[in-house]
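Asks: Sequence and predicted structure are below.
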Amino acid sequence: AQSVTQLGSHVSVSEGALVLLRCNYSSSVPPYLFWYVQYPNQGLQLLLKYTSAATLVKGINGFEAEFKKSETSFHLTKPSAHMSDAAEYFCAVSGSGNTGRLIFGQGTTLQVKP
Amino acid sequence: DTEVTQTPKHLVMGMTNKKSLKCEQHMGHRAMYWYKQKAKKPPELMFVYSYEKLSINESVPSRFSPECPNSSLLNLHLHALQPEDSALYLCASSQELPYPAMEQFFGPGTRLTVL
C-alpha cells in the first residue's frame, strides 16, 4: 500500500531564504508523485509531478523537486522564498490499481517572514 | 478553459435542509472527484466518477448523494447533514482513468457550514 509522510507540519523561513519541504513515500510499485499548494480559502493547485521521465522535476513559481529512489524521497525546494509562497503544501502519491485515488501527506504549512 | 468551477462558494444549511453542490469543467476530462477537507488536514476522497459512472465510494454516509449528469458536470446532493459535516468540499477532475500519472485539477471549493 502507498503512503506519504511529510516531515514538519510547520516550516518557517525568512524572505529570500531557501525553502525545503520534505516528503517521503512508501510504494510497492513505481510511484507517481505530486506536490500541490493550497492558499487560504482556495482549492489545490499542482506545483509539479514526477512520472519517471526525469528525477529532477521543475514546477511553477520557481519550485522544483528531486526524486531519490534510494531514499524514497521527493523533497520540494525553492532557492529564494517570497512572501507569496506562504501556504499549505501537500505531497501526494498516486494510489495503486489506477483508480485515480491520491494518497496525501498531512501537509506542511510554510510561513515566510519578512 | 483550464478551470474547475464550483458553486456556491459558501453554503449554510440546517440539519433538515436539502441542498446541492455543483461542479463543472470544460477540459474534456472524463474522471471527476469529490473530496472533503477539514481545516489543516489533507483532502479526503469521497467519490470518483469515471466516464459518468461511479467507480469509487469511500464508504460515505448516504446523506451525501453524488450525481454525474454528463461528462462536464458533477453534483453532490446533501440531506440531513450533521454539524460535523461542516468542511470545505472540493471537486477535481483528471483526463481519464486508469492513468495514475494524470494530475487532478481542483476547483476552489464550497465552504459548507451545518447548523
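Replies: Perfect, I can see it now. Residues are numbered from 1 along each chain as shown, chains lettered A, B, ... in the order given.
Asks: how far does the helix or strand of chain A with the lowest mean pLDDT sit from the chain's center?
Replies: When each helix and strand of chain A is scored by mean pLDDT, DSSP states H and E, strand A:102-104 comes last, with a mean of 91. Between the centre of strand A:102-104 and the centre of its chain there are 11 Å (C-alpha atoms, centre = their mean, to the nearest Å).
Asks: Name the residues of stretch A:59-73 that are buried.
Replies: A:59, A:63, A:64, A:65, A:67, A:73 (16 or more other C-beta atoms under 10 Å in any protein chain shown). Just so you know, the C-beta spots here come from the backbone N, C-alpha and C atoms, and that holds for glycine as well.
Asks: same thing with stretch A:41-59?
Replies: Residues of stretch A:41-59 classed as buried: A:42, A:43, A:44, A:46, A:47, A:48, A:49, A:50, A:51, A:57, A:59 (neighbour count, 16+ other C-beta under 10 Å).
Asks: Cross-check the contact I'm expecting between the first one and residue B:90.
Replies: No. Under the criterion of C-beta atoms under 8 Å, residue A:42 is not in contact with residue B:90, lying 9.8 Å apart.
Asks: Overlap in contacts, those two.
Replies: Common contact partners of residue A:42 and residue B:90 (C-beta atoms under 8 Å, 6 or more residues apart in numbering or on different chains): residue B:109.
Asks: tell me what the least confident helix or strand of chain A is packed against?
Replies: strand A:3-7, strand A:87-94 (3 or more C-beta pairs under 8 Å, 6 or more residues apart in numbering or on different chains; DSSP states H and E).
Asks: what does it rub up against?
Replies: The contact list for strand A:102-104 (C-beta under 8 Å, 6+ apart) reads A:2-4, A:34, A:90-95, B:42-43, B:45, B:104.
Asks: The nearest residue to residue B:10 once chain neighbours are set aside: what's it in contact with?
Replies: Once flanking residues are discounted, residue B:10 sits nearest to residue B:111: 4.9 Å by C-beta to C-beta, 6 or more residues apart in numbering or on different chains. Taking C-beta under 8 Å, 6+ apart, we find residue B:111 in contact with A:41, B:9, B:10, B:11, B:88.
Asks: now residue B:39
Replies: Applying C-beta under 8 Å, 6+ apart, no residues qualify as near residue B:39.
Asks: on that earlier part again, which member of the buried residues of stretch A:59-73 is positioned nearest residue B:94?
Replies: Of all those, residue B:94 sits closest to residue A:59, with 17.5 Å by C-beta to C-beta.
Asks: That closest one against residue A:48, yeah?
Replies: Yes. Between residue A:59 and residue A:48 there is a contact under C-beta under 8 Å: 2.9 Å.
Asks: hey, what's in contact with both of these two?
Replies: By C-beta under 8 Å, 6+ apart, the residues touching both residue A:59 and residue A:48 are A:35, A:65.
Asks: what's the distance between the spatially most central residue of chain B and chain A?
Replies: In chain B, the C-alpha nearest the mean C-alpha coordinate belongs to residue B:34, at 2.8 Å (C-alpha atoms, centre = their mean). For residue B:34, the distance to chain A (C-beta to the nearest C-beta, to the nearest Å) stands at 12 Å.
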